[in-house]
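S.K.: Attaching a predicted model along with its sequence, questions to come.
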Amino acid sequence: MTNEKLKLSILDLATLNNGENAVKGLKNSTDLVILADRLGYTRYWFAEHHNTKHQMSTSPDLLSAHAGSITKNIRIGSGGVMLPNHSPLKVAENFSLLEGLFPGRVDLGIGRAPGTDSLTALALRRSRDAVTRYDFPEQLSELLSYFSRNFEGNHPFKDISPAPEQLIPDMFMLGSSDGGMHFASQNGLGFVFAAHISPQLAIPMLRAYKKNFRPSAYLAEPKSILAIIVVAAETDEEANYLAGPAELQWARWAIGQFQYAPPTLEEASNHVYSPQEELARKDNKGKFVIGNIESVKNKLQDLANAAMVDEIMILNMLTEKSSRHRSYELLADAFQLNKD
C-alpha cells in the first residue's frame, strides 16, 4: 500500500438484534450511518440478502437512497448488488439515479452470488433457466456497456440508455475467491475481498488483483479494500465479551445452523460450545479482529500493509447499539479519520 492514511468504511446487513423489529433495526442503521458520516468514515455499504428472518438488507439501492438523503460527505452504496438476481438495465438505471441524486458519493459493489437459497432465487428471477444458467460474464458486460454507452454496433440494446446523460458510480467487484478478483482486474474495476468469509485468501487475492489490474474507463489505477469483522473496545476483556454474539453466530453458520436468531450478549456469554462449534470457532478466528483499540489499530494496519490496501471495510456485527457506536468512535479517533 502507499503511505496514505488508512481509510475505514462500514458494511451493514441491517441485522435485527435482541429481538428488535424491522422498524427498530432500520432506525439503528439510520443512526449509525449518520454517526459514520460525522466521524469521517469513507463509505457505508448495504448488503443484499433475501428470505432472512433477522436481516432487512434486501434492497441496497433503496437503503443507499435513504442513507444519502440524511448524510453529507460519506459515500453510500451496495456491498453488493447480487447481479444474477437483477436485470442489468434496472441496476444501471437505479445507480444512475443515485449518482444523479448524490453526485460523486455513490458506489456500486457487484456480487456474483444469489444472496439467498435456490427457491428464493427462483421467486426473484421468475425463470428456472435464469437460476440454473451461469451467465454472469454476459450480465456484467451488459451492465458496464449501459454505463459506458459502448455496446457493439449490432447489439440489440445499443440504443437503450439508463439515463438521459452518463451518470456513472464508482464500481467494485466483490469476492471471496479468485473469481471476483479476475473480473475486477480484467475489467478495470475496484475490488473488495471478504476476509470475513475467506480470510486465508484475502492477502494473496488482493495482491493478485493489483498485479493483474488493467486500467479502464472506470478506473486508471487499482483500488482495493479488505472487508473484515472488527470489534474494538477500551480493553481486551470488554472486546472479547462484546464479540461473543458474532463469534457464536458465525460458528453456528459454519456448521449449517442458520435457524437461530442473532445471539444476545447474555446468551453468548453463557453458551457452552459443542466440540463441533468449538472447532468452527477456532477456524473462524481469522475472520475477526478483536481487542483493545491500540491492538486493533496495529492489527488492521498490518493487514492493510500485507494486502496492499489503503482501506478496511468493517462488517457491523456488534449487537448493542451503545457499544457498536463506541467501537466506531474509538476506531475513528485512533485512525484520525476527521483529520487531514
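M.R.: Yes, it's here.
S.K.: only C-alpha atoms for contact and neighbour calcs from this point on.
M.R.: Will do.
S.K.: Would you mind pulling the contact partners of the helix or strand hosting residue 306?
M.R.: Assessed by DSSP states H and E, residue 306 sits inside helix 293-307. Contacts to helix 293-307, defined as C-alpha atoms under 8 Å, 6 or more residues apart in numbering, come from residues 1, 6, 202-204, 206-207, 226, 230, 232-235, 289-290, 310-312, 330-331, 334-335.
S.K.: And those residues, which of them are buried?
M.R.: 6, 202-203, 206-207, 226, 230, 232-233, 289-290, 310-312, 330-331 (16 or more other C-alpha atoms under 10 Å).
S.K.: These in strands, which ones?
M.R.: 226, 230, 232-233, 289-290, 311-312 (DSSP state E).
S.K.: can you list the residues you listed in TSV and add distance to residue 273 and pLDDT?
M.R.: Below are these laid out as TSV (distance: C-alpha to C-alpha, whole Å; pLDDT from 0 to 100):
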residue	distance to residue 273	pLDDT
226	29	98
230	22	98
232	23	98
233	24	97
289	21	98
290	19	98
311	34	98
312	30	98
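S.K.: Pick the one among those closest to residue 259.
M.R.: residue 230 (24.1 Å; C-alpha to C-alpha).
S.K.: Bridged to the closest one, which residues?
M.R.: Note on residue 230: beta-bridge partners residue 289, judged by DSSP bridges.
S.K.: ditto for residue 43
M.R.: Beta-bridge partners, per DSSP bridges, of residue 43: residue 75.
S.K.: Contacts only, for it.
M.R.: 8-10, 74-77.
S.K.: Would you confirm that residue 183 contacts residue 171?
M.R.: No. Counting by C-alpha atoms under 8 Å, residue 183 stays clear of residue 171, with 11.7 Å between them.
S.K.: which neighbours do these two share?
M.R.: residue 189.
S.K.: circling back to that earlier point, list the buried residues for the helix holding residue 306?
M.R.: 293-294, 296-297, 300-301, 303-305, 307.
S.K.: Next: stretch 174-187.
M.R.: 174-178, 180-185, 187.
S.K.: Mind putting the residues you listed into TSV with pLDDT, distance to residue 103 and secondary structure?
M.R.: TSV is the format used below for the buried residues of stretch 174-187 (pLDDT from 0 to 100; distance: C-alpha to C-alpha, whole Å; DSSP: H, G, I helix; E, B strand; the rest coil):
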residue	pLDDT	distance to residue 103	secondary structure
174	97	22	strand
175	95	26	strand
176	94	29	coil
177	91	32	coil
178	93	32	helix
180	94	26	helix
181	96	27	helix
182	96	28	helix
183	97	26	helix
184	97	23	helix
185	97	25	helix
187	97	23	helix
